[in-house]
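[1] based on what follows, work out the 3D shape:
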Amino acid sequence: MFWPVLLLPLFYAVESHQVIVDCNKLLMGQFMCPDPAKNHIDPKTQQLRGCTPENRARVWCIAAQDINCTETGNSTFTRELPCKWTNGYHLDTTLLLSVFLGMFGVDRFYLGYPGIGLLKFCTLGGMFLGQLIDVVLIAMQVVGPADGSAYVIPYYGAGIHIVRSDNTTYRLPRDDW
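    Modelled structure (predicted):
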């Protein structure tokens, strides 16, 4: 006789309230960027589509459940994310040129450094020592294209992000120092 009363809360529907907010002010965990339902990776550059020379790309994001954006009227919105602007220089091509034709400076001509390429050509790659140094520097991605772009590397490949320090960088001492 009491079982219908016990099952009543199971059939009670909770009403959800849609919240309308400016989605550019959402906190971490209230949105997902980029939206996994959309393909944001450009197969030619292996970076986010629309990556600019300022290393920023505008991608579609999705807000959490029950959050609507004032910009679009639904749960999707756009946000700028960091990316690496590429101009068509492939890391594997540069590395192969450096290993096999680096003594003639072909790798530096490919990257847009004709002066260094001519110097390597005239000195046979700096007596092969300059060629070896260039192979290491290109493999570590310290030497890049002359136009300031990044190498074309697979999106989940061996891309390196170099962290540099300057006078405003504060280093914490380790306990064992």
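[2] please name the nearest non-neighbouring residue to residue 140.
    residue 160 (6.9 Å; Cβ to Cβ, 6 or more residues apart in numbering). (Glycine included, C-beta is placed from N, CA and C.)
[3] tell me the secondary structure for that neighbour?
    Of the three states, residue 160 takes coil according to DSSP: H, G, I helix; E, B strand; the rest coil.
[4] from residue 153, how far off is it?
    9 Å (Cβ to Cβ, to the nearest Å).
[5] again with residue 78
    25 Å.
[6] report the residue ranges of every domain in the chain.
    Per the TED database, the domain ranges recorded for the chain read 19-83, 89-152.
[7] out of those, which one sits most buried?
    Comparing the domains of the chain by mean neighbour count (mean count of other Cβ atoms under 10 Å), domain 89-152 comes out on top with a mean of 17.
[8] gap between that one and the chain center?
    Its chain's C-alpha centre and that of domain 89-152 lie 24 Å apart, by Cα atoms, centre = their mean, to the nearest Å.
[9] ditto for stretch 76-92
    The answer for stretch 76-92 is 6 Å, by Cα atoms, centre = their mean.
[10] all helices of this structure, in order?
    For the chain, the helices defined by DSSP state H cover 3-11, 91-101, 106-111, 114-122, 124-127, 129-139.
[11] so what does the second one touch, helix or strand wise?
    This points to helix 91-101. helix 106-111, helix 129-139, strand 150-152 (3 or more Cβ pairs under 8 Å, 6 or more residues apart in numbering; DSSP states H and E).
[12] wait, which of those is closest to residue 73?
    In terms of Cβ to Cβ, the element of the helices and strands packed on helix 91-101 nearest to residue 73 is strand 150-152, at 36.2 Å.
[13] run me through the strand neighbours of the closest one, direction for each.
    Partner strands for strand 150-152, per DSSP bridges, with pairing direction: strand 86-90 (parallel).
[14] just the residues contacting the strand it pairs with, thanks.
    Strand 86-90 is touched from outside by 45-47, 51, 110-111, 144-145, 147, 149-152, with contacts defined as Cβ atoms under 8 Å, 6 or more residues apart in numbering.
[15] could you rerun that using 10 Å?
    42, 44-47, 51, 53, 96-97, 110-112, 144-153 (Cβ atoms under 10 Å, 6 or more residues apart in numbering).
[16] how far off helix 91-101 does it point, in degrees?
    Here the directions of strand 86-90 and helix 91-101 differ by 40 degrees (axes from the mean of the first three to the mean of the last three Cα atoms, to 10 degrees).
[17] pLDDT of strand 86-90, averaged?
    The pLDDT scores in strand 86-90 average 93.
[18] out of the helices and strands packed on helix 91-101, the one nearest residue 121 is which?
    helix 106-111 (8.4 Å).
[19] show me what contacts residue 68?
    18, 19, 20, 21, 23, 74, 75, 76, 77.
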